[in-house]
Structure formats: structure tokens, C-alpha cells
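**Student:** curious how this folds, go ahead:
(chains A and B)
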Amino acid sequence: SQQGEEDPQALSIQEGENATMNCSYKTSINNLQWYRQNSGRGLVHLILIRSNEREKHSGRLRVTLDTSKKSSSLLITASRAADTASYFCVSHGIQGAQKLVFGQGTRLTINP
Amino acid sequence: GAGVSQTPSNKVTEKGKYVELRCDPISGHTALYWYRQSLGQGPEFLIYFQGTGAADDSGLPNDRFFAVRPEGSVSTLKIQRTERGDSAVYLCASSLQGFNEQFFGPGTRLTVL
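**Tutor:** Purely as a prediction, here's the structure:
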């Protein structure tokens, strides 16, 4: 896999608002994944989007992929305190290695 | 349990000592990975096993680090002559062969004094 660069590095919003995080990568991909890490549940896989998909939903999560811009975004709607966590994107190339290469992530804080 | 488990959850040791960290993957997962994470950083890849063999050990920082998976299930990460810079959270993950999604354990927090 290759390292994604998440943006912003930190984001603080009020509970109930939507949160958007962005990810950029450098080379052609087969798929891209988003992971979440918090102190309660550790590092957890959220969603995988394939290179031939443009948008994918899972509950309050919406992921988009723009392969022409080599970027992805993660939208969390109606945020909750439990969404406070760090979010990482990881992309896999066509012949990507199995290992995951993480960036520094986006630190999301949901304020009550 | 159904998830990846790691023991111990915390390990405090003195500089120069030897430590072993254990990972028990999800049953049936043939792929196993070790990562380490320093404060404020994303996890950093160490080594990947497919079955019993190390398929990619390019992330091991030096020869003080070694990992085994003798029966293709439980894995042990071994660190010799520990240094203060080895202090980190060591994460283990497993996955089904051919699937990119990895399932992570809670980690072992290693502190070298």
C-alpha cells in the first residue's frame, strides 16, 4: 500500500455537525480504505472503496473517490461524541503490498 | 474471543533487557502483521506473515527485532537488548488471504526505562 496524506491534521466540531476529512495519494490504486482509531475500540477498519467506485455509504459514513485527482474524502454526518478519534486513509496499488502504510491521520474532536 | 488478542497489554522493562510480545490472530486468518505506533503518529509496518513464513520483513528496524509464527497461528515479536527508543505501542493485525481489510488487536504498550 502507499501512504495517504490526510487533511486537515486536526478538526474540531460541535456534536450534530458534519465532519469532512480528505486524503490524497500519489500513484494509481486498486482500492482505498479508511480506518478509525480511538482509545476505546483501538484501530478499526471503516470502509473500503474500489477504484471503479465513486461513492460508498456505510451508516453515517460517506466516502468518495476521485481517481483523476488522486483523492478521497470521508464524510461523517450528524457527528456524535463517540466519533472522536483519529482517522487514517490507506490506498492499495494494482500490485500493492499487503502491508498498510499509514500517514499521521486526521484528529477529529466532537464537542458536546 | 472473536477478535485479535495481544498479551501483555502493558510491558515495562529496563534498557538492555529482552522482551516477547504475543499476538493471537482471528481463527482462520492466514495473514498476520506487526506494526508499532509512537505517540501522535500513525502505525508503522514491521513485518507480515503469510502462514508460517515472513513474507515481508522490510519494516523491522534492525536485527534486534525478530518475529516468529511457527504454526501459522500465534505470533511472537521478540526484541533483544531493548533501547528507550523502542518504547511504543505494538499492534498486531490479521486478515484473510487476498483481502486488504485488516483486523487489529488492542496493542501492547512497551515502555523501556
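**Student:** up against chain B, what does chain A have?
**Tutor:** A:1, A:31, A:33, A:42-45, A:48, A:86, A:88, A:92, A:97-105 (C-beta under 8 Å from any C-beta of the partner chain). Every C-beta, even on glycine, is put in place using the N, C-alpha and C of the backbone.
**Student:** these in strands, which ones?
**Tutor:** Judged by DSSP state E, strands contain the following of these: A:31, A:33, A:42, A:43, A:44, A:45, A:48, A:86, A:88, A:92.
**Student:** closest to residue A:7 out of those?
**Tutor:** residue A:88 (12.3 Å; C-beta to C-beta).
**Student:** that closest one reaches residue A:103, doesn't it?
**Tutor:** Yes: assessed by C-beta atoms under 8 Å, residue A:88 is found in contact with residue A:103 at 6.4 Å.
**Student:** which residues are in contact with stretch A:61-71?
**Tutor:** Under the criterion C-beta atoms under 8 Å, 6 or more residues apart in numbering or on different chains, residues A:22-29, A:32, A:34, A:46-47, A:49, A:51, A:53-57, A:72-77 lie in contact with stretch A:61-71.
**Student:** inside strands: which ones of those residues?
**Tutor:** Reading strands off the contacts of stretch A:61-71 with DSSP E, I get A:22-24, A:32, A:34, A:46-47, A:49, A:55-57, A:72-76.
**Student:** show me the shaky parts of the chain.
**Tutor:** No chain was given, so I picked chain A. A:94-97 (pLDDT under 70).
**Student:** ah, no, chain B please
**Tutor:** In chain B, residues with pLDDT under 70: B:1.
**Student:** of all the residues in it, which one is nearest chain A?
**Tutor:** For chain B, the residue closest to chain A is residue B:42, as judged by C-beta to the nearest C-beta, at 3.1 Å.
**Student:** what residues does chain B put near chain A?
**Tutor:** Residues of chain B lying near chain A by C-beta under 8 Å from any C-beta: B:31, B:33, B:35, B:40-45, B:48, B:50, B:55-56, B:59, B:91, B:93, B:95, B:100-107.
**Student:** and the ones in strands among the contacts of stretch A:61-71, which two are the farthest apart?
**Tutor:** Among those, the pair separated by the greatest distance (C-beta to C-beta) is A:24 and A:57, at 21.6 Å.
**Student:** so between the two, which is more surrounded?
**Tutor:** residue A:24 (16 against 11; other C-beta atoms under 10 Å in any protein chain shown).
**Student:** list the contacts of that one.
**Tutor:** Taking C-beta under 8 Å, 6+ apart, we find residue A:24 in contact with A:4, A:5, A:7, A:69, A:70, A:71.
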